[in-house]
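In: Fold the following.
(one chain, ligands or ions: 1)
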Amino acid sequence: MISFNLRCAKDHVFEAWFKDGKSYDRQAKQGRVSCPACGDNKIEKAPMAPNIAAGVSRKERGGQAGRAAEFRETLNKLRAEVEKNCDYVGPNFAEEARKIHYKESEQRGIYGEATDQEAKSLEDEGVEFNRIPWPSRTNG
Ligand SMILES: [Zn+2]
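Out: Numbering: from 1, shown residues only. The predicted structure follows:
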């Protein structure tokens with residue numbers, strides 16, 4: 001015995017058992033297979049569900065890799081932009097950012113490194129800055 005997922009012309013999907021594949025072909029051709037929901041005898045084999053599921057998961061894996069690459073590209077562009085437009089102040093970032101905030105230093109864009117502690121005290125003082133995840137200069 002063999003089972004097939006079958007579909008009628010009105011899209012009702014149902015399972016039917018036959019002696020073998022040839023038996024299904026013969027019965028379907030003679031109009032002896034009918035839909036249990038509507039009695040239609042224009043029956044065809046329905047696509048198997050597992051094939052559809054596999055297709056979807058392959059697509060999703062590709063999408064995740066694509067998003068990661070896109071994120072790296074965005075970071076690289078941002079880094080190039082910052083390096084072009086801002087002064088590099090290295091580990092003096094917190095001090096310089098504070099001076100600019102209190103107008104003790106020239107108003108300009110800067111970038112550099114700050115410790116978590118420095119970043120937190122800048123936040124507490126209301127100094128505006130962004131943290132960007134890229135490798136520090138000393139690491140190349
Ligand atoms: Zn039907």
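In: can we go C-alpha only for contacts and neighbour counts from here?
Out: Noted.
In: How is the chain partitioned into domains?
Out: Domain assignment of the chain by automatic domain parsing yields the ranges 2-46, 86-135.
In: what about the ones you listed, which gets the closest to residue 69?
Out: domain 86-135 (14.7 Å; C-alpha to C-alpha).
In: Write out the residues of this structure neighbouring the ion.
Out: 8, 12, 35, 37, 38 (C-alpha under 5 Å from the ion).
In: Name the nearest residue to the first one, ignoring sequence neighbours.
Out: When the adjacent residues along the chain are set aside, residue 8 lies closest to residue 43, with 4.6 Å between them (C-alpha to C-alpha, 6 or more residues apart in numbering).
In: Spit out the contact partners of the one you found.
Out: 6, 7, 8, 9, 28, 33, 34, 35 (C-alpha atoms under 8 Å, 6 or more residues apart in numbering).
In: In contact with the fourth one, which residues?
Out: Okay, so that is residue 9. 40, 42, 43.
In: Show the pLDDT at the spatially closest residue to residue 112 that is not a sequence neighbour.
Out: For residue 112, ignoring the flanking residues on the chain, the nearest one in space by C-alpha to C-alpha, 6+ apart is residue 90 at 4.2 Å. Looking at residue 90, its pLDDT reads 91.
In: Measure how buried residue 90 is and give me the count.
Out: Neighbourhood size, residue 90 [other C-alpha atoms under 10 Å]: 16.
In: thought it was touching residue 113?
Out: Yes. Under the contact definition of C-alpha atoms under 8 Å, residue 90 touches residue 113, with a separation of 5.4 Å.
In: can you pull the buried residues of stretch 85-101?
Out: 88, 90, 93, 94, 96, 97, 98, 100, 101 (16 or more other C-alpha atoms under 10 Å).
In: which residues sit against it?
Out: Residues contacting stretch 85-101 (C-alpha under 8 Å, 6+ apart): 105-114, 118-119, 122, 127.
In: first vs last residue of it, how far apart are they?
Out: Separation of the first and last residues of stretch 85-101 by C-alpha to C-alpha, to the nearest Å is 18 Å.
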